[in-house]
Structure formats: C-alpha cells, structure tokens
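Enquirer: just the structure for this:
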Amino acid sequence: MERPRRFIGIFVLVAILWGMTTVPRVSANELSNLAEQAQPEEEPLPRTTTLVIDTVEYEWWLLRWSDNSIVCQVIVEHEGMPTNNEILQDCGQAVYAEWQSTTACTFPPDEMGNVPQCPGLYFMFISSGAVQKSIEVELPPPSVEVSLSGCDPSFPENRCAVIPNLLLTGIEPLPNERIIEIHAIVNGIEYICYDSVCEVPLDVTPITGQEIQFWAISSFGDSSDQFTAQVRVIESGVSASPGYYVDVLSSQWSGRDIATCAQTWGAFPPVGGPPLWLTTPEVPELLASDIPYYFLAGRLIAQGLVDASQCPGGGLLPNGYADECGLEKALPAVLEWQNQFDIRIIEVARETGVPAQLLKNLFAQESQFWPGVFNSEHLGLGHITPKGVEVVLLWNPSFFQQFCPLVLDEGVCSNGYAQLDPAYQAILRGALASKARTDCLDCPAGIDLTSANASIDLFAQTLLANCEQVAQEVFNATKSTPGVVSDYEDLWKFTLANYHAGPGCLSYALYTSWNRGRILDWEAVSQNFTPVCQGVVFYVDQIAK
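Expert: The predicted model follows:
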C-alpha cells in the first residue's frame with residue numbers, strides 16, 4: 001500500500017515523491033484547484049450496460065365490433081390478456097377509455113360470424129414466439145469503506161493505545177476496472193493516494209469530533225459520491241495507562257459495531273462508553289436483578305404459582321398487587337421469574353445492538369416481567385399495543401420487508417407500509433401484535449414462556465424503529481442533525497418517551513423546549529410535556545438509572 005504524497009504545484013516528480021514517508025499536506029489556497037484537478041476532465045461515461053435476454057412475446061389485437069378493424073396492437077411478455085396498464089401504454093388514453101366502457105356482447109353472430117351490432121372493442125389473440133430483447137441496466141457506482149488501521153477498538157469503550165490512522169478502502173464493483181485514486185480532506189488539507197487503499201493520519205480532536213470528506217476515482221473515468229465521516233479522538237487522561245478513545249460515525253463504516261442508533265442520530269456515545277443502563281453485560285449473571293415486584297408477586301399468587309392462602313385476603317390487594325404478606329410468600333418465585341428471560345435478552349441485544357440492560361429495565365417498568373395481557377390490549381413483556389406496533393412497520397424498513405411477505409403477498413408489500421391499503425395495514429398490525437401475545441390456556445400459569453422469549457426481538461426492533469422516528473422528530477423541531485443539538489444519552493431518553501407516550505407527546509415537548517431556549521436535553525424537554533403526558537417523565541427516569 002502506498003502512503004499518501006503531497007502535490008506541489010501542478011507537476012510533481014513522481015520518482016522523488018515515491019520515496020517520501022511524511023504525510024502529504026496541501027495548503028488551503030491550493031485546495032480548490034487540487035480538488036478540480038482530481039476530478040476527471042471529461043464527462044464520465046454513464047455506468048450502464050446492455051443485456052440481451054430470451055423471452056416470449058404474445059401479440060394481441062384490439063378490434064372494433066362494428067367492422068373488425070384493428071384499433072391497436074398490444075405486445076406483452078406474459079400469458080393471458082393484457083393488463084389495463086399495458087393497454088393504456090400501447091393504445092393511449094382514448095382507446096383505453098373506450099375499452100373500459102365496452103360491455104359484454106350479447107348479440108348472436110350473423111352468417112359470416114360477425115356481430116356488427118355490438119358496441120365497442122374486443123381482443124383477439126394473434127400469436128406468440130420466442131424473441132431476444134436488449135435492456136439497458138445501471139451498474140453500481142464506486143464506493144469507499146472506512147475503518148481504522150493500527151487499532152481495532154471494540155464497543156463500548158473504543159479505546160486505542162495509540163492514535164490510529166483512518167483506513168479508506170476503495171470498492172470498484174465493475175470487472176476489469178479498479179480504483180486508481182482516493183482523496184480525503186482533513187482540516188482543510190487534502191490527502192491523495194494513488195491506490196485503492198489509503199491511510200490518513202488522525203490527531204486528537206475536539207469533543208465534538210471533526211468531519212473528514214473522502215471519495216474515490218475509478219479507472220472507468222468517474223468518481224464515487226463524496227462521503228463524510230465524523231471522527232473523534234480523545235485522550236484517556238489516565239497517566240498510568242495512556243491511550244485514546246476513538247469513535248467514527250459514517251455511512252461507510254466497515255469496522256466493528258458502533259453504539260446503537262449513534263449513526264442514525266449522528267451522535268457520539270459518551271467518551272469511554274455509555275452509562276450502565278445502555279450496556280450489555282458479557283454474561284447473564286451480570287444482568288440479574290433482585291427487586292421485590294408487588295405486581296409480579298400478585299400475578300404469581302393469582303395464577304396459583306405461589307401459595308399465599310395463610311395471608312389475610314390471600315395475599316392480594318383489590319388492584320391485583322400482592323400485599324406485604326403476599327410478597328413475602330412470593331419473593332423466591334419473584335426473583336426466579338424476573339431473571340428467567342436474561343439469556344434471551346442478551347442474545348437479542350447482540351443480534352440487534354439494543355442494549356440488554358435497557359431492554360430489561362423497560363420490561364421491568366412496563367410489565368414487571370409478567371407477559372400476560374394487561375388492560376385488554378397491552379401485550380407482552382413490553383406492553384405493546386396493536387396500534388403501537390405501527391412504528392415498527394413504518395420506521396424499521398428492513399423488519400417490514402422480512403415480516404410483510406409472511407402475512408401478505410410479496411407484491412402487495414413491495415411499496416412499503418405507508419402505501420398499503422388501510423385494510424392491509426390493519427392486518428399487518430394485528431399479525432405483528434399477536435407475536436407479543438403469550439396467553440395460553442393449556443400452559444402453566446396461562447403463559448407461554450416460549451412465546452414470551454421469542455417476542456423479545458420484537459421489542460428490540462420496536463426500539464430501533466422509535467430511534468429512527470426520534471431522529472426525524474428532532475430534525476423537524478430544530479432543522480439540525482440530532483447529534484448536533486442533543487447528546488447520545490438524552491436521545492435514548494427521547495426514544496423511551498416516544499415508545500411509551502407516542503410521537504405526539506414527544507414532538508410537542510421537543511418543539512416547545514427548542515423554541516423557548518434552543519436547548520434540547522432531557523432536563524429541558526421533560527419540563528415541557530403536557531399534563532396528560534407528564535407520566536412519561538417518571539417512566540424514563542426509572543429506566544435510565
């Protein structure tokens with residue numbers, strides 16, 4: 001791999017520069033000229049190619065009943081009559097309208113087999129045959145992937161012993177073509193590598209990081225899009241163990257996993273890693289809790305899993321919670337029950353990136369780990385509702401594309417949830433909500449624990465969808481990237497508020513907070529929820545601790 005080299009003026013002695021080991025630097029005054037020189041001088045060829053495919057064409061004639069005259073010829077590539085769209089495309093609006101208004105012919109044919117009394121048009125199949133057809137297809141453009149060289153930091157700490165280099169790797173998908181240059185701009189200085197791989201040196205940055213622009217030039221004669229990366233390098237501040245915390249946010253990132261939703265929000269996680277409630281422990285034992293849940297104790301007693309018959313009132317209060325005596329009797333079962341989902345929670349956290357401790361805290365706050373139906377419509381460990389699952393279908397496209405064809409025809413799903421007929425939307429919402437339903441008449445305590453464990457992924461996907469929706473809500477309120485006006489931890493708190501109270505409550509609080517003082521942290525936003533939404537503040541504070 002060739003180290004970056006400096007352009008001096010327009011002409012450079014390549015042989016001399018080949019041996020240089022110092023990093024190239026270009027002054028700010030030369031930057032715009034160099035950027036123009038780096039681009040192809042001539043208009044690049046379009047990235048298209050022509051494919052020849054074998055197909056079968058079917059020829060139909062649209063004729064007039066009155067005189068059997070040919071009105072239109074329609075060629076299709078499928079069996080059966082032409083579709084309405086094909087008729088409109090080949091015959092035009094006027095003929096299509098006449099065809100649509102034509103009624104069935106009920107007149108008997110004359111001696112010649114004609115039915116001139118019939119109004120309108122009719123179709124006649126003429127022939128079919130194999131043909132070759134040329135189609136033009138767009139080819140994928142070049143791209144650049146971003147990673148680090150000299151250190152492979154792992155989340156959540158993302159710590160390196162030394163400052164690494166930013167590694168830019170050009171990707172050329174076309175055969176017989178290659179990446180011939182990679183360009184990067186750091187602090188107004190342009191680095192150029194005459195190769196498909198380029199190492200760009202990094203330095204300590206402000207806490208907000210710095211933006212790096214980069215792109216690739218292809219031997220095909222064109223260039224990739226101009227990409228950006230927000231890079232943060234912060235000294236650890238520990239003299240006994242010096243090092244650096246390194247974080248990179250970019251759509252082109254190809255290194256290890258980064259903090260969940262950080263890319264969506266454009267927000268760096270806290271230096272050195274997030275707080276405990278946004279982490280995933282290595283082993284289930286570190287996720288275990290021992291909280292005396294009164295509601296859970298009441299459910300265990302009511303379902304016959306705990307005998308509290310010696311307690312006054314059977315250990316239950318009128319609202320279904322356990323009283324002090326009931327909790328004492330149920331405590332061993334309460335502790336065992338609340339930790340039985342920990343293994344699956346950690347598995348889902350590793351699969352989706354949603355922090356395991358966040359999921360557990362959410363389940364504790366929503367249901368106290370009792371996944372049965374609550375208030376007729378709140379389902380599962382996370383008390384999701386049939387209406388609440390809509391956020392997953394709208395804001396988690398990858399999940400929608402996987403789930404929708406399991407319920408509806410794949411063709412119906414192709415345009416996304418928002419474009420579906422309301423009846424289909426309702427079918428999807430009901431089918432998805434049923435994945436959180438765990439009631440089972442034949443199961444111990446009336447709960448299907450296998451379904452409860454399986455539903456944990458749904459709640460993680462729902463949080464990811466809420467994370468996407470919050471990004472849009474913050475942008476709508478501020479016209480800024482979320483990470484510019486708020487921080488990573490507060491954005492997760494907004495996501496929890498959105499999950500529990502809905503976008504109406506959160507959007508109003510965001511707009512109000514921003515318009516009053518241009519402040520968008522949780523302390524400010526939590527003071528601007530309307531009275532009917534105020535309950536979400538306690539909810540979020542209980543989870544985020």
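
Enquirer: just the strands in the stretch 351-500 of the chain please.
Expert: Ranges of strands within the stretch 351-500 of the chain: none, based on DSSP state E, counting those that start in this stretch.

Enquirer: do the same with the stretch 1-150 of the chain
Expert: Applying DSSP E, counting those that start in this stretch to the stretch 1-150 of the chain gives strands spanning 48-64, 70-76, 121-138, 143-149.

Enquirer: residue 360 is nearest to which of those?
Expert: For residue 360, the closest of those is strand 143-149, at 31.7 Å, according to Cβ to Cβ. All C-beta atoms are positioned from the backbone trio N, CA, C, and that covers glycine.

Enquirer: for the closest one, C-alpha coordinates in PDB please.
Expert: Extracted in PDB, the C-alpha atoms of strand 143-149 (Å, rounded to 0.1, in the frame of the first residue of the first chain):
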ATOM      1  CA  SER A 143     -17.600   3.400  -3.200                       C
ATOM      2  CA  VAL A 144     -15.300   3.800  -0.300                       C
ATOM      3  CA  GLU A 145     -15.300   1.900   3.000                       C
ATOM      4  CA  VAL A 146     -14.000   3.300   6.300                       C
ATOM      5  CA  SER A 147     -12.200   1.600   9.100                       C
ATOM      6  CA  LEU A 148      -9.100   2.100  11.300                       C
ATOM      7  CA  SER A 149      -5.600   1.000  10.900                       C
END
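
Enquirer: okay, and the closest residue to residue 300 other than its chain neighbours sits in which element?
Expert: Of all residues not flanking residue 300 in the chain, residue 306 sits nearest, at 4.5 Å (Cβ to Cβ, 6 or more residues apart in numbering). Using DSSP states H and E, residue 306 maps to neither a helix nor a strand.

Enquirer: okay, now residue 306: neighbour count?
Expert: Residue 306 is flanked by 23 other residues according to other Cβ atoms under 10 Å.

Enquirer: ok, it touching residue 296?
Expert: No: using Cβ atoms under 8 Å as the test, residue 306 is too far from residue 296 to be in contact (10.2 Å).

Enquirer: which residues do these two both contact?
Expert: Shared contacts of residue 306 and residue 296 (Cβ atoms under 8 Å, 6 or more residues apart in numbering): residue 330.

Enquirer: quick one on the thing from earlier: any idea which of the strands of the stretch 1-150 of the chain is most buried?
Expert: Mean neighbour count (mean count of other Cβ atoms under 10 Å) peaks for strand 143-149 among these, with a mean of 20.

Enquirer: pairing partners for the following helix or strand past that one, with directions?
Expert: Remark: after strand 143-149, the chain's next helix or strand is strand 159-160, criterion DSSP H and E. Here strand 159-160 has these sheet partners by DSSP bridges: strand 244-249 (antiparallel).

Enquirer: so what touches the strand it pairs with?
Expert: With contact meaning Cβ under 8 Å, 6+ apart, strand 244-249 is reached by 146, 148, 151, 153, 157-164, 166, 202, 204, 209, 229-236, 255, 258, 262-263, 266-269, 271-272, 483.

Enquirer: just the buried residues from these, in PyMOL please.
Expert: This is how PyMOL selects the buried members of the contacts of strand 244-249, with burial counted by 16 or more other Cβ atoms under 10 Å:
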select buried, resi 146+148+151+153+158+159+160+163+164+166+202+209+229+230+231+232+233+234+236+255+258+262+263+266+267+268+269+483
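
Enquirer: just checking, which of the contacts of strand 244-249 belong to strands?
Expert: Applying DSSP state E to the contacts of strand 244-249, the entries found in strands are 146, 148, 159, 160, 166, 229, 230, 231, 232, 233, 234, 235.

Enquirer: domain ranges for the protein?
Expert: Domains of the chain are assigned by automatic domain parsing as 53-106+115-133, 140-258.

Enquirer: by mean pLDDT, show me the worst of those.
Expert: With a mean of 90, domain 53-106+115-133 has the lowest mean pLDDT of these.

Enquirer: list the contacts for residue 453?
Expert: Per Cβ under 8 Å, 6+ apart, neighbours of residue 453: 341, 344.

Enquirer: could you measure from it over to residue 438?
Expert: When distance is defined by Cβ to Cβ, to the nearest Å, residue 453 is 9 Å away from residue 438.

Enquirer: got it, and residue 404?
Expert: 23 Å.

Enquirer: residue 462 too?
Expert: Residue 462 sits 16 Å away from residue 438, taking Cβ to Cβ as the criterion.

Enquirer: any low-confidence regions in the stretch 301-450 of the chain?
Expert: Low-confidence segments of the stretch 301-450 of the chain, defined by pLDDT under 70: 374-376.

Enquirer: and the helix ranked longest in the chain, how far from the chain's centre?
Expert: The longest helix of the chain (DSSP state H) is helix 456-478. Relative to the chain's own centre, helix 456-478 is displaced by 9 Å; criterion: Cα atoms, centre = their mean, to the nearest Å.

Enquirer: and it, what's its mean pLDDT?
Expert: For helix 456-478, the mean pLDDT works out to 97.

Enquirer: can you list the buried residues in that helix?
Expert: For helix 456-478, a neighbour-count test (16+ other Cβ under 10 Å) marks 456-471, 473-475, 477-478 as buried.

Enquirer: could you do stretch 357-377 as well?
Expert: For stretch 357-377, the neighbour count (16+ other Cβ under 10 Å) marks 357-374 as buried.

Enquirer: so residue 439 makes contact with residue 373?
Expert: Yes: between residue 439 and residue 373 there is a contact under Cβ under 8 Å: 5.8 Å.

Enquirer: hmm, residue 292 is touching residue 334, no?
Expert: Yes: with contact defined as Cβ under 8 Å, residue 292 reaches residue 334; the gap is 6.4 Å.

Enquirer: which one of the two is surrounded by more residues?
Expert: residue 334 (26 against 15).

Enquirer: identify the residues contacting the more buried one.
Expert: Residues near residue 334 by Cβ under 8 Å, 6+ apart: 292, 293, 296, 297, 300, 327.

Enquirer: element containing the third one?
Expert: Meaning residue 296. Using DSSP H and E, residue 296 falls in helix 294-302.

Enquirer: grab the most central residue of the chain for me.
Expert: The centroid of the chain falls nearest to residue 396 when counting by Cα atoms, centre = their mean (5.1 Å).

Enquirer: what's the closest non-adjacent residue to it?
Expert: Leaving aside its sequence neighbours, residue 396 sits nearest to residue 465 (Cβ to Cβ, 6+ apart; 3.9 Å).

Enquirer: do the same with residue 144
Expert: Excluding the flanking residues, the one nearest residue 144 by Cβ to Cβ, 6+ apart is residue 216, at 4.9 Å.

Enquirer: contacts for the helix or strand that that neighbour is a member of, please.
Expert: Residue 216 is part of strand 210-218 when elements are defined by DSSP H and E. By Cβ under 8 Å, 6+ apart, the surrounding residues in contact with strand 210-218 are 38-40, 142-144, 146, 166, 168, 170-172, 174, 177-187, 196, 200, 223-232.
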